[in-house]
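Asks: sequence first, then the predicted structure:
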Amino acid sequence: MSSVIATTPFSVLDRSRTREGHPAAEALRDTVRFAREIEELGYHRFWVSEHHAVPGVAGSAPTVLAAAVASATRSIRVGTGGVMLPNHQPLVVAEQFGVLESLFPGRIDMGLGRSVGFTTGVRRALGRDKDDADDFAGQLDELLGWFRGISPTGAHARPSEGLSVPPFVLAMGEGADIAARAGLPMVVGDLRNREKMQRGIDHYRARFRPSPWASEPYVVISGTIAVAATPEAARQLLVPEAWSMAYSRTHGTFPPLPPAERVEQLPMTDKEFGFYETGLSGQLAGTEEQVAHELETVLKETAADEVLVTTSTYDREALLDSYRRLASLRA
């Protein structure tokens, strides 16, 4: 067994993906149940995400879902990957995480992203526009200030002030620079574009400034990792998500996950097939031995401190088996 794998924490981001023929409520209950299973497997963190008005994703209120997950688990860290800060007032985000930390002390993470609503209609409903993402650094500074008793208005965030909730920045593009200047841990992906990922990590480490939140750089690499008894079975795990991505890029909407068997019978246009093949390629997928070899290479190249696994598929049992096999690499 690789010593670098054995000493690297593995964590999980679950997007509460909906599945064909199953209601959104079931996807949310699956997330809570999945968190309990992931905790039993020894993973370090379990995070949930924020998406609005997306047919294929049920998780629209991450702090609410995080509360349900934390209530259903005992010791695993619980957080968000992430709350999209431009969609919210920093004070409200501080209050929500202050409540979570008060209810589940020492277990809450605050993962933060800089995306705004996906469509014009969603942004209008949220009272936001694309330009709101441009002030992410300022919004982040205000948010962290509420925890430290630094207020732009003289008000105080209750019960957040004085609490320590570890913040993480989801670093897409400019996010790496923002994380470095703020002195925060950074989450970066994806594993398919190693060169771009490495550039972001190098940029972050070179510009990192110690802060009250982190004295040195902390890098979490994220992406899809699929493990199965055979390479073919591991590839099957990737099929539903690959097709959903291909469909979203050609039709403008992200659908629920279909069974892999149905996807493989679908007629596809050349454009759809191109996106579909891209979704299947470059992922960390295979048997335990194959994935261990590839993952060891990535960890040595990046010197990452943690791995955040984001795999989704239609078959829940096969998905859990993949996470079980991945966890066994650290046993």
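Replies: The structure has been received and is ready for your questions. Residues are numbered from 1 along each chain as shown.
Asks: for the rest of this, base every contact and every neighbour count on C-alpha atoms.
Replies: Fine.
Asks: and Arg45, what does it touch?
Replies: 10-12, 76-79 (C-alpha atoms under 8 Å, 6 or more residues apart in numbering).
Asks: need those residues in CSV with pLDDT, can you?
Replies: Putting these into CSV (pLDDT from 0 to 100) gives the following:
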residue, pLDDT
Phe10, 98
Ser11, 98
Val12, 98
Ile76, 98
Arg77, 98
Val78, 98
Gly79, 98
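Asks: and of those residues, the nearest to Thr250?
Replies: Out of those, the one with the shortest distance to Thr250 is Val12. That distance is 28.5 Å, counting by C-alpha to C-alpha.
Asks: for the closest one, what are phi and psi?
Replies: Backbone torsions of Val12, given as degrees, to the nearest 10, read phi -130, psi 140.
Asks: what are the ranges of the strands in the chain?
Replies: Per DSSP state E, the chain carries strands over the ranges 10-14, 45-48, 77-80, 83-84, 108-113, 167-170, 186-188, 219-223, 225-227, 284-286, 306-309.
Asks: quick one: the first one to chain centroid distance?
Replies: Averaging C-alpha coordinates over strand 10-14 and over its chain gives two centres that are 7 Å apart (C-alpha atoms, centre = their mean, to the nearest Å).
Asks: each with direction, which strands does it pair with?
Replies: Using DSSP bridges, the strands paired with strand 10-14 are strand 45-48 (parallel), strand 306-309 (parallel).
Asks: who wins for proximity to Leu284 among those?
Replies: Distances from Leu284 to each of those were compared using C-alpha to C-alpha; the shortest belongs to strand 306-309, at 10.4 Å.
Asks: just the CA atoms of the closest one, as PDB, please.
Replies: What follows is the C-alpha trace of strand 306-309 in PDB, where atoms were taken according to Å, rounded to 0.1, in the frame of the first residue of the first chain:
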ATOM      1  CA  GLU A 306      -6.600  16.000   1.100                       C
ATOM      2  CA  VAL A 307      -8.700  14.300  -1.600                       C
ATOM      3  CA  LEU A 308     -12.400  15.300  -2.000                       C
ATOM      4  CA  VAL A 309     -14.200  12.700  -4.000                       C
END
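Asks: what's the lowest-mean-pLDDT helix or strand in the chain in contact with?
Replies: Considering only helices and strands, the least confidently modelled element of the chain by mean pLDDT, DSSP states H and E is helix 120-126, at a mean of 80. Counting by C-alpha under 8 Å, 6+ apart, the neighbours of helix 120-126 from elsewhere in the structure are 52-53, 87, 116-117, 129-130.
Asks: now the two most distant members of these.
Replies: When these are compared pair by pair using C-alpha to C-alpha, the farthest-apart members prove to be Ala53 and Lys130, with a separation of 16.6 Å.
Asks: re earlier: out of the contacts of helix 120-126, which are buried?
Replies: Of all these considered here, the ones buried according to neighbour count by 16 or more other C-alpha atoms under 10 Å are 52-53, 87, 116-117, 129.
Asks: out of those residues, which comes closest to Val298?
Replies: Ranked by distance to Val298 (C-alpha to C-alpha), those are led by Val116 at 30.4 Å.
Asks: how about stretch 18-29: buried residues?
Replies: Within stretch 18-29, the residues that count as buried by 16+ other C-alpha under 10 Å are 18-19, 24, 27-28.
Asks: mind listing what Glu142 touches?
Replies: Shown here is Glu142, whose contacts under the criterion C-alpha under 8 Å, 6+ apart are 90-91, 150-152.
Asks: mind listing what Tyr218 touches?
Replies: Under the criterion of C-alpha under 8 Å, 6+ apart, the neighbours of Tyr218 are 184-186, 304-305.
Asks: hmm, I typed the wrong one, I wanted Ala303.
Replies: By C-alpha under 8 Å, 6+ apart, no residues touch Ala303.
Asks: swap in the one 10 residues further on?
Replies: Contact analysis of Thr313 by C-alpha under 8 Å, 6+ apart lists 237-241, 257, 319.
Asks: of the residues you listed, closest to Asp134?
Replies: Of all the contacts of Thr313, the one sitting nearest Asp134 is Glu241; the distance, using C-alpha to C-alpha, is 29.8 Å.
Asks: check the gap between Thr297 and Gly189 for me.
Replies: Using C-alpha to C-alpha, to the nearest Å, we find Thr297 at a distance of 15 Å from Gly189.
Asks: so which of these two has more stuff around it?
Replies: The neighbour count for Thr297 versus Gly189, taken as other C-alpha atoms under 10 Å, is higher for Gly189 (22 against 14).
Asks: what pLDDT is listed against the closest residue to that one other than its chain neighbours?
Replies: Sequence neighbours aside, Ser222 is the residue nearest to Gly189 in space, at 4.8 Å (criterion: C-alpha to C-alpha, 6 or more residues apart in numbering). Ser222 carries a pLDDT value of 96.
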